[in-house]
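# sequence-free structure coming up:
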């Protein structure tokens, strides 16, 4: 390919972009919605890490954490726990260990929160130990009694230093509030407090019981943490008959596990971003098909100038890849901007959220999706456009039908009025466009089905009777699911918006294609309303396919999402029936607007040219 | 007696840089029942616009128009459409058949729009196609028909509701000589059957089939003549006697 | 006319009446303008020129009829005539000069002359049209009528160009 020709092609591309900026802009906007959602996901992922790291460093920076817990006294348990305690002491002297803090015992009991009680774990610490949790207000344990609350618990109870909280029915003064790298209430349970041995004795008298101990180990070489755990597998006990659990975990594992709400949000956003990207492929291919149709006439002229159709296709591709680059940049920027706000709603943050630095892999992931959308959405229509241009450069209409449609014939015999029959016929003229339109709409319908299921299950969750000691926790979990539900509905709304945009564009393009035929019909005596009807009917075919395919698709998606923490739930049949009725109505209303706008065009100019 | 077409002072303007152009500039025209009328003129004289005005495809900016005695120049789009389907048949230079419909479906379309029963409409359409000599192409799509066949289907479509007037815009413009001859024959037969026809054309062969001929220039009618068949023209082939006598 | 009659004899000998029939068939409606005696006059001229020869054929209860046949010279002449591509005069010289005479002398208005001539041609076209309606579409006669109409159509177009020319001249 000669560069001079490429230069001519590039100038042509630039001129075209300026000449019809609307379509390029629309493609940019829809693509940016996808990259924006993905960008938020990218910036959300790990945005709690910086705050966690700070707390971790301030509290001694353990490399391996050890924990042993057991339920209310069972004869066999006590021996096991004693054995584990012995092993823990040995662990402390194992090779590779630099420093150990603990073992510190813990007691379990209950604390009064908002009219209900919540499970409580009190860690007994010597006030003089060096490694303490990070005190955020008040003081650490010391002379004068008092307990220190974990910061999440303090927020849930609404207590600050100087207040009292009720534990085991007795008031205890709050001395301070602290953060721990173990996690934050209510995501990290049971609720955590720190007490002096004296206070612990008093609590034991009140009925709190010993329930285990914990150990924090710092290694000589922090990178050996996982190897260390692997070497000491014998410490991990899982005996279903006993109530004893023991575990070892690295700092990384703790960090990863302590922000499950953010993880949930990130996963949801990522999935939504992919779905939106798929829908954008449909939109992109419709837009490109429209632009190609406009260009096909040019290609004949271009050939005379010496530019080959392949060069035109290449220029088109380059244009769209440029749009993809811009969309990626904007999307990542949006992510950077929005992620802190979204992360700020998380209950598990140990400080301010900080989006992690954008690595090339993160940028690459978003860019890859954008490029994939452009390639998939551009290549097929562009190739088809090129092939068409070689066949008929000047006569740029859709391929005329080869056989008269059978479905429409049936409809005619069934007594469907003329505009309806005509609409059915023209629906099958462009099977490719019908399919992409139907796919886009089906995705929208599927998302609505998933949202319906989600709403059902969340409602059920609300109705479940709260177990004693779980009140606030359940509320917190519900709040968490509210967040995720919010995200799902928001992205579902975006998907619907995109599907609507798609439907609008397709309807507009279809109306333009049908312009001559409709002018002929009006010349022969069809009213403008009849031509609108025929156009809407032709679009409704795609909608019908979408509803028929989208509802099972949505149910399938729902069964994949369902499970896990949410109670198993079926999407109620009545909702589905309502959906199946509402979608075509809404679609018809939407699509009738461009149809009506274009139906009022003057007839004469459309009939002057062939 | 009401005229089939009665136009008084029709004006149609188009916006242009500066003052608007008058495509049709004050045209008066009447067509009686059963009459064949031609409008001739050079390209750009406004004859096509005049035809559009007469059929309601465009609205006059000034003037009055009556078809079959009914005042139509102020009708809404919808009312015009309803009026047109029963009373006006169009034949276009580019044929303008609906691509997705077969020949017979194209012809029966106006009948169905008028509310004729499906069976009756189909029957009438096939009858017309038979009369026009394209019955065996009834089930074909326009794409598979020749130019002459398409135009004959278009004429059949124009006739299916027995309209007041058939308006034809350069009906032979896209046809070769043979097909033109066929259309001319067709129009001749229509005239004999008493169908009122108005043809806009710059083909003298087509124009000469009319009873009355209007000449247009620059949006106005500049001449009107009768082309009656009363006085036979002698000596069409007078050269016959001279055949070979030059040598 | 001479070459036409010669060619009609090229297939087989015939007598005058048969020749006339063949000619009338080929001419269709134009045959009406044919002088009835034209054929026989031409035949005798051709005989004198040595291009055809006549022979008498006896008929029972009818007078002898003359049957004509081509001579070798006649046959050669037919071959030459068929291959000849001379076309009848193309340029409308007379009318063109008439227009300019009118313009120069001021004796008549060229635009009016064109209008009148155009009207006349349109009338002739109409006549041809009516004749054509009476002929079956694919007949030989219809073909001739089509040729005549197309020429008249061309002439009308030229007349319109003449009108345009003189109108522009006037406006200058």
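Arrived safely. Values in this document were obtained by computation on a predicted structure and should not be read as measured data.

# What about residue A:574, how many residues nearby?
Around residue A:574 there are 8 other residues, counting by other Cβ atoms under 10 Å in any protein chain shown. The way it works is simple: take the backbone N, C-alpha and C, and place the C-beta from them, glycine included.

# secondary structure class for it?
helix (DSSP: H, G, I helix; E, B strand; the rest coil).

# now residue C:89
coil.

# Quick one: residues contacting it.
Contacts for residue C:89 (Cβ atoms under 8 Å, 6 or more residues apart in numbering or on different chains) come out as none.

# centroid residue for the chain?
Assuming you mean chain A. Nearest to the geometric centre of chain A sits residue A:269, at 1.5 Å (Cα atoms, centre = their mean).

# Wait, chain C was what I had in mind.
Short answer for chain C (Cα atoms, centre = their mean): residue C:30, at 8.4 Å.

# quick one: residue A:428 from residue A:542, how far?
Between residue A:428 and residue A:542 the computed distance is 11 Å (Cβ to Cβ, to the nearest Å).

# what do you get for residue B:24?
43 Å.

# how about the residues of the stretch 1-150 of chain A near chain C?
Residues of the stretch 1-150 of chain A found near chain C (Cβ under 8 Å from any Cβ of the partner chain): none.

# Residue C:19 is in contact with residue C:7, isn't it?
No: using Cβ atoms under 8 Å, residue C:19 makes no contact with residue C:7, being 10.5 Å away.

# how about residue A:604, what does it touch?
B:49, B:52, B:57-58.

# My error: substitute residue B:207 in the last question.
Shown in contact with residue B:207 (Cβ under 8 Å, 6+ apart): B:38, B:40, B:199, B:201, B:213, C:122.

# In contact with whatever residue of chain A ends up closest to chain C, which residues are there?
Taking Cβ to the nearest Cβ, chain C has its nearest neighbour within chain A at residue A:608, 22.4 Å off. Contact analysis of residue A:608 by Cβ under 8 Å, 6+ apart lists residue B:48.

# So which residues make contact with the longest helix along chain B?
Counting by DSSP state H, the longest helix found in chain B is helix B:177-192. Here helix B:177-192 makes contact (Cβ under 8 Å, 6+ apart) with B:34, B:36, B:132-133, B:146-148, B:151-152, B:155, B:159, B:166, B:168, B:171-172, B:175, B:197, B:199, B:203, B:205-206, B:209, C:129-130, C:132-133, C:137, C:142, C:146, C:150.

# any chance you could map the strands in the stretch 301-450 of chain A?
With DSSP state E, counting those that start in this stretch as the criterion, the stretch 301-450 of chain A has no strands.

# Flag the shaky bits of it, pLDDT-wise.
Along the stretch 301-450 of chain A, the parts satisfying pLDDT under 70 run over A:301-309, A:312, A:384-409, A:411-415.

# how big is the angle separating the longest helix along chain C from helix B:177-192?
Longest helix in chain C, counting residues (DSSP H): helix C:140-171. For helix C:140-171 against helix B:177-192, the angle by axes from the mean of the first three to the mean of the last three Cα atoms, to 10 degrees is 90 degrees.

# quick one: average confidence on helix C:140-171?
Across helix C:140-171, pLDDT averages out at 88.

# right, quick check: it against chain B, any contact?
Yes: using Cβ under 8 Å from any Cβ, helix C:140-171 reaches chain B at C:142, C:146, C:148-150, C:152-153, C:156-157, C:160, C:164.

# Give me the helices and strands touching that helix, please.
helix B:177-192, helix B:204-207, helix C:16-27, helix C:93-105, helix C:110-134 (3 or more Cβ pairs under 8 Å, 6 or more residues apart in numbering or on different chains; DSSP states H and E).

# helices or strands next to the last one in the packing?
Contacting helix C:110-134 under the criterion 3+ Cβ pairs under 8 Å, 6+ apart are the following elements: helix B:177-192, helix B:204-207, strand B:220-226, helix C:93-105, helix C:140-171.

# chain center to it: distance?
18 Å (Cα atoms, centre = their mean, to the nearest Å).

# That helix: which residues count as buried?
Within helix C:110-134, the residues scored as buried using 16 or more other Cβ atoms under 10 Å in any protein chain shown are C:110-111, C:113-115, C:117-119, C:121-133.

# That one vs strand B:220-226, what angle?
50 degrees.

# quick one, helix C:110-134 and helix C:93-105 angle?
160 degrees.

# Flag every residue of chain B that's near chain A.
Contact residues (Cβ under 8 Å from any Cβ) of chain B with chain A: B:48-49, B:52, B:55, B:57-58, B:77-78, B:81-82, B:84-86, B:88, B:90, B:92, B:94, B:96-102, B:105, B:109-110, B:112-114, B:118, B:139, B:141-143, B:157.

# Let's see which of those end up in strands.
Those of the residues of chain B next to chain A mapping onto strands are B:88, B:90, per DSSP state E.

# what about burial for the residues of chain B next to chain A, which qualify?
For these, buried by 16+ other Cβ under 10 Å: B:48-49, B:52, B:55, B:57-58, B:77, B:81-82, B:84-86, B:88, B:90, B:92, B:94, B:96-102, B:105, B:109-110, B:112-113, B:141-142, B:157.

# just to revisit the earlier point, can you flag the buried ones in the contacts of helix B:177-192?
Buried among these (16+ other Cβ under 10 Å): B:36, B:132-133, B:147-148, B:151-152, B:155, B:159, B:166, B:168, B:171-172, B:175, B:197, B:199, B:203, B:205-206, B:209, C:129-130, C:132-133, C:142, C:146.

# Start from the N-terminal end of chain B and give the helices.
According to DSSP H, the helices that chain B contains are B:47-55, B:77-87, B:103-114, B:118-131, B:147-159, B:177-192, B:204-207.

# low-confidence ranges in chain B?
Flagging of chain B using pLDDT under 70 yields the residue ranges B:1, B:229-247.

# cool, and chain C?
Scanning chain C residue by residue, none of them satisfies pLDDT under 70.

# Which one's more surrounded, residue C:19 and residue C:7?
Neighbour count, other Cβ under 10 Å: between residue C:19 and residue C:7, residue C:19 has more, with 19 against 16.
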